[in-house]
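In: pasting the sequence and the predicted coordinates here, then a few questions.
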Amino acid sequence: MKNIILLAPPAAGKGTLSEMLTEKYGYVHISTGDLLRSEIKSNTTLGKKVDGIIKEGKYVPDDIIIKLIAKRINEPECDKGYILDGFPRTINQAEKYDELLSKYNKDIGVAIYIDVPKEVAMKRACSRITCPKCGRIYNKYSEEMRPKKEGICDDCKVKLTHRDDDSEETFIKRFDEYVNKTMPLYDYYESKGVLKKIKSHESKYDTFNEAVQIIEN
Ligand SMILES: [Zn+2]
């Protein structure tokens, strides 16, 4: 199966698409956040170092991130294919990742960019409500994501709350920042001929089907 580098602005539905692809194809989902957290939890020398860096509020340097990615993609379960989520973030990381791929004789696969208009993403993000207990995300404007009973979690029966970081202003800032930062990566993968753009549809199944076409062709 083709390995996937998933690129998507906030509220484009990256998490949902990852989950659906993982479920259908058995992909391994790799996020740098998870890798860092598990390294800290295992209390390795590297984990302790990472913990210190994060506690100081600093960015974890690329060489550490690359080391963790290298270790992960070489685990046997990743042979069937993996989805990279949140990596690479910069051209430097992308180049280092290319070096890893040739070193380990692995295929880059495909870079999928989920395209979503800013207004659509903002409307989604700002009408997003979450369950404080289980963390499930609902959205009253989406037929698929609406809770059965308004304002109440289907599973926990507790009151849903707004995420306060998603005011319109902060969302626009976050969105623009992401797009500006990601454009060089977009161009990088386009010039390699591995970039595929899909649309973030109203229905998660439509977005999913676009991704399926890419993976299976
Ligand atoms: Zn819940």
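Out: Everything's here; your move.
In: leaving out sequence neighbours, find the closest residue to E39.
Out: Nearest residue to E39 in three dimensions, chain neighbours excluded: G47, at 4.1 Å (CB to CB, 6 or more residues apart in numbering). The way it works is simple: take the backbone N, C-alpha and C, and place the C-beta from them, glycine included.
In: roughly how far apart are the one you found and the ion?
Out: Separation of G47 from the ion (CB to the ion, to the nearest Å) stands at 31 Å.
In: what number of residues lie near that residue?
Out: Other residues lying near G47 total 17 when counted by other CB atoms under 10 Å.
In: which parts of the helix or strand containing it are buried?
Out: Assigned by DSSP states H and E, G47 belongs to helix 45-55. Applying a neighbour-count criterion of 16 or more other CB atoms under 10 Å, one finds L46, G47, V50, D51 buried in helix 45-55.
In: quick check: buried residues in whichever helix or strand comes after that helix?
Out: With elements assigned by DSSP H and E, the helix or strand that comes after helix 45-55 is helix 62-73. The neighbour-count check on helix 62-73 (16+ other CB under 10 Å) flags I64, I65, I66, K67, L68, I69, R72, I73 as buried.
In: in the protein, where is pLDDT below threshold?
Out: Residues of the chain that meet the criterion pLDDT under 70 lie in 163-166.
In: how close does the residue sitting furthest away from the middle of the chain sit to the ion?
Out: Going by CA atoms, centre = their mean, the residue of the chain most distant from its centre is K149, 29.1 Å out. Using CB to the ion, K149 is found at 12 Å from the ion.
In: quick check: residues of this protein near the ion?
Out: C131, K133, C134, C153, D155, C156 (CB under 5 Å from the ion).
In: are any of the residues you listed buried, and if so which?
Out: Taking 16+ other CB under 10 Å as the criterion, what is buried in the residues of the chain next to the ion is C131, C153.
In: tabulate the residues of the chain next to the ion in JSON lines, adding columns for secondary structure and distance to K173.
Out: Listed next are the residues of the chain next to the ion as JSON lines, based on DSSP: H, G, I helix; E, B strand; the rest coil; distance: CB to CB, whole Å:
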{"residue": "C131", "secondary structure": "coil", "distance to K173": "26"}
{"residue": "K133", "secondary structure": "coil", "distance to K173": "29"}
{"residue": "C134", "secondary structure": "coil", "distance to K173": "28"}
{"residue": "C153", "secondary structure": "coil", "distance to K173": "29"}
{"residue": "D155", "secondary structure": "coil", "distance to K173": "32"}
{"residue": "C156", "secondary structure": "coil", "distance to K173": "32"}
